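Visitor: Got a sequence here, can you model it:
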Amino acid sequence: GPVTETEYSREEAPRRIWDDFTPPDFDYRNRWVGKGGKKAVGYDFYDLIQSSYCFGSFEPLNLSSDGETAVFYLDSAIRESAELSDLSAVISFYNYYVDVFGSNLEKPVALLRTNEDGESSILSGVGGEGAAISLSMYTPDACQTMSRTLYHAFFDSKVHARNLHYQPNEWLYRGLGDRYINASADALPQELKDLYGIEVQDNLNTRYMKYLFVSLKDPTMAALSSDMEGSMAAGQEDFYFNVKVPLILETIESFTSQTQENALLHYLMELPQHQDVNISRLMQDLLGENEAMVRAYFSGTSFIPNYW
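Guide: So this is what the prediction gives:
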């Protein structure tokens, strides 16, 4: 069966396989600086993505997306059995992300068989140089995995800020991912939503009611912020990432959407490669006079109003 390798050691890869310990890694592209040749933190995460490869028998599917050609490779073993609805869902997700990110992927996506015989091992992953995933869309979770894989293929190839994946910036990285992945489900045609049983249950108003209920009941929850990432209890983390952060992101977008849609994402895309993102400067650049207000929402000194 097909084997893929993306040489990428990020936790968000849906089916992460080899990382720092697999050739041709060995930090050979890492930057060594300072006394004693210490390596710069984070470089091995971002400079090793160019060794992605995929072995197998594949057939190209050249799909038109907004006037450009999107290249998918279909595992030849499922050439006759691939469901048209599955391919339609993949195309819908892909077109949604083209619209969000403003351009096609420069690298291909490989659509693989599943290990239905119970013996074969199908290895797949996602990185800045490509993505591979089984074309299996039987459940809402499988559809979400497909969308998440495509999102990270786009994001990882277009956003290169080194410190975005670490605390205290995890809220921005995870929050943006969840925001667009959930929105990609909304963008599916209704017949595909019905076919796969996809129902988006937690809309902004629902989350806002949870935010108010929990925050009024326990003000310490409203005060959860980025400097506490990594030290929260499980319940606090769930509230922070799944309730508060989505509202913060939507608040920022509500202030910036008049001048640019998806302003946060495009700000990150415009940063020079390997430059750390400065969150304070980002907030000031995007929000201007509204920055102090959003900072108060984040710190919990002021409740987030209902902007929706």
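Visitor: so what's the residue nearest to the spatial centre of the chain up against?
Guide: Per Cα atoms, centre = their mean, the C-alpha nearest to the average position across the chain is that of G177, at 3.7 Å. Taking Cβ atoms under 8 Å, 6 or more residues apart in numbering, we find G177 in contact with E12, R148, Y151, H152, F155. (Each C-beta comes from the backbone N, C-alpha and C, glycine too.)
Visitor: In terms of distance to G235, which of the residues you listed ranks first?
Guide: Checking those against G235 with Cβ to Cβ, the nearest one is E12 at 22.6 Å.
Visitor: low-confidence ranges in the stretch 101-250 of the chain?
Guide: Residue ranges of the stretch 101-250 of the chain with pLDDT under 70: 115-130.
Visitor: ranges for the helices of it?
Guide: Remark: helices assigned in the stretch 101-250 of the chain by DSSP state H, counting those that start in this stretch are 140-158, 170-186, 190-196, 204-217, 219-222, 234-239, 245-256.
Visitor: pull the CA atoms of the third one into PDB?
Guide: By that I understand helix 190-196. Backbone C-alpha positions of helix 190-196 (Å, rounded to 0.1, in the frame of the first residue of the first chain) are rendered in PDB as follows:
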ATOM      1  CA  GLN A 190     -26.900  20.800   2.300                       C
ATOM      2  CA  GLU A 191     -27.200  17.400   0.600                       C
ATOM      3  CA  LEU A 192     -23.700  16.500   1.800                       C
ATOM      4  CA  LYS A 193     -24.500  17.600   5.300                       C
ATOM      5  CA  ASP A 194     -27.600  15.400   5.300                       C
ATOM      6  CA  LEU A 195     -25.600  12.500   3.800                       C
ATOM      7  CA  TYR A 196     -22.900  12.500   6.400                       C
END
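Visitor: Now do the buried residues in stretch 145-164.
Guide: By 16 or more other Cβ atoms under 10 Å, the buried positions in stretch 145-164 come out as 145-164.
Visitor: With stretch 232-251 instead?
Guide: By 16+ other Cβ under 10 Å, the buried positions in stretch 232-251 come out as 236, 239-241, 243-251.
Visitor: What's the end-to-end length of that stretch?
Guide: Taking Cα to Cα, to the nearest Å, the first and last residues of stretch 232-251 lie 23 Å apart.
Visitor: could the helices of the stretch 101-250 of the chain go into JSON lines alongside distance to D99?
Guide: Below are the helices of the stretch 101-250 of the chain laid out as JSON lines (distance: least, Cβ to Cβ, whole Å):
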{"stretch": "helix 140-158", "distance to D99": "11"}
{"stretch": "helix 170-186", "distance to D99": "10"}
{"stretch": "helix 190-196", "distance to D99": "17"}
{"stretch": "helix 204-217", "distance to D99": "20"}
{"stretch": "helix 219-222", "distance to D99": "34"}
{"stretch": "helix 234-239", "distance to D99": "30"}
{"stretch": "helix 245-256", "distance to D99": "15"}
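Visitor: mind checking which of these is nearest L105?
Guide: Closest approach to L105 among those (Cβ to Cβ): helix 140-158, 6.0 Å.
Visitor: Which elements pack onto the closest one?
Guide: Applying 3 or more Cβ pairs under 8 Å, 6 or more residues apart in numbering; DSSP states H and E, one finds that helix 140-158 contacts helix 84-101, strand 126-127, strand 130-134, helix 170-186.
Visitor: now the last one and helix 84-101, what's the angle there?
Guide: Comparing the axes of helix 170-186 and helix 84-101 via axes from the mean of the first three to the mean of the last three Cα atoms, to 10 degrees yields an angle of 130 degrees.
Visitor: Just the C-alphas of helix 170-186, formatted as PDB.
Guide: Backbone C-alpha positions of helix 170-186 (Å, rounded to 0.1, in the frame of the first residue of the first chain) are rendered in PDB as follows:
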ATOM      1  CA  GLU A 170      -1.800  28.500  21.500                       C
ATOM      2  CA  TRP A 171      -5.100  30.300  21.700                       C
ATOM      3  CA  LEU A 172      -4.500  31.900  18.400                       C
ATOM      4  CA  TYR A 173      -3.200  28.800  16.600                       C
ATOM      5  CA  ARG A 174      -5.900  26.400  17.900                       C
ATOM      6  CA  GLY A 175      -8.600  29.000  17.800                       C
ATOM      7  CA  LEU A 176      -8.100  29.900  14.200                       C
ATOM      8  CA  GLY A 177      -8.000  26.200  13.200                       C
ATOM      9  CA  ASP A 178     -11.300  25.400  15.000                       C
ATOM     10  CA  ARG A 179     -12.900  28.500  13.600                       C
ATOM     11  CA  TYR A 180     -12.300  27.700  10.000                       C
ATOM     12  CA  ILE A 181     -12.700  24.000  10.300                       C
ATOM     13  CA  ASN A 182     -16.200  24.500  11.800                       C
ATOM     14  CA  ALA A 183     -17.000  27.100   9.100                       C
ATOM     15  CA  SER A 184     -16.000  24.700   6.400                       C
ATOM     16  CA  ALA A 185     -18.700  22.300   7.600                       C
ATOM     17  CA  ASP A 186     -21.200  25.100   7.200                       C
END
